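**Q** just a sequence and a predicted model for now, questions to come.
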Amino acid sequence: MDQVMVSYKKNLKGIRNAFSKKHSNGRIEGINRRIKQIGRTAYGYGNALNYFFRIRLQLFNRQHIDANFMTLLTKKNLRI
């Protein structure tokens with residue numbers, strides 16, 4: 001129990017902020033989980049751009065993909 005009290009006193013400011021503020025990192029944690037899942041199911045992509053394109057398609061709507069990103073994907077001489 002002593003260690004719990006030491007940890008509580010050490011993190012008291014953060015604990016108070018967690019209860020008083022409405023901020024959360026849940027959205028970022030969800031994005032990270034989805035990217036990891038894509039990495040597990042798409043293991044072995046030969047081209048890194050295809051992997052990044054897949055992540056972008058999964059996380060964002062196709063209508064929001066800008067023209068510059070599509071131009072980058074269509075270049076034949078691009079190597080990563």
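**A** Everything's here; your move.
**Q** what helices or strands is whichever strand or helix holds residue 34 leaning on?
**A** In this assignment (DSSP states H and E), residue 34 forms part of helix 26-41. Under the contact definition 3 or more Cβ pairs under 8 Å, 6 or more residues apart in numbering; DSSP states H and E, helix 26-41 sits against helix 48-59. From N, CA and C alone the C-beta is placed, and that goes for glycine too.
**Q** distance from the helix it packs on to the middle of the chain?
**A** 12 Å (Cα atoms, centre = their mean, to the nearest Å).
**Q** what is the orientation angle of that helix with helix 26-41?
**A** Using axes from the mean of the first three to the mean of the last three Cα atoms, to 10 degrees, the direction of helix 48-59 lies 130 degrees away from that of helix 26-41.
**Q** tell me the mean pLDDT over helix 48-59?
**A** Helix 48-59 shows an average pLDDT of 79 in the prediction.
**Q** can you check stretch 14-24 too?
**A** The average pLDDT for stretch 14-24 rounds to 86.
**Q** would you put the C-alpha positions of it in PDB?
**A** The C-alpha trace of stretch 14-24 is given here as PDB (Å, rounded to 0.1, in the frame of the first residue of the first chain):
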ATOM      1  CA  GLY A  14      -2.100  14.400 -13.600                       C
ATOM      2  CA  ILE A  15      -4.900  12.600 -11.800                       C
ATOM      3  CA  ARG A  16      -6.600  15.900 -11.000                       C
ATOM      4  CA  ASN A  17      -6.300  17.000 -14.600                       C
ATOM      5  CA  ALA A  18      -7.800  13.800 -15.800                       C
ATOM      6  CA  PHE A  19     -10.900  14.300 -13.800                       C
ATOM      7  CA  SER A  20     -11.300  18.000 -14.400                       C
ATOM      8  CA  LYS A  21     -10.600  18.100 -18.200                       C
ATOM      9  CA  LYS A  22     -12.600  16.400 -20.900                       C
ATOM     10  CA  HIS A  23      -9.600  15.700 -23.100                       C
ATOM     11  CA  SER A  24      -8.800  12.100 -24.100                       C
END
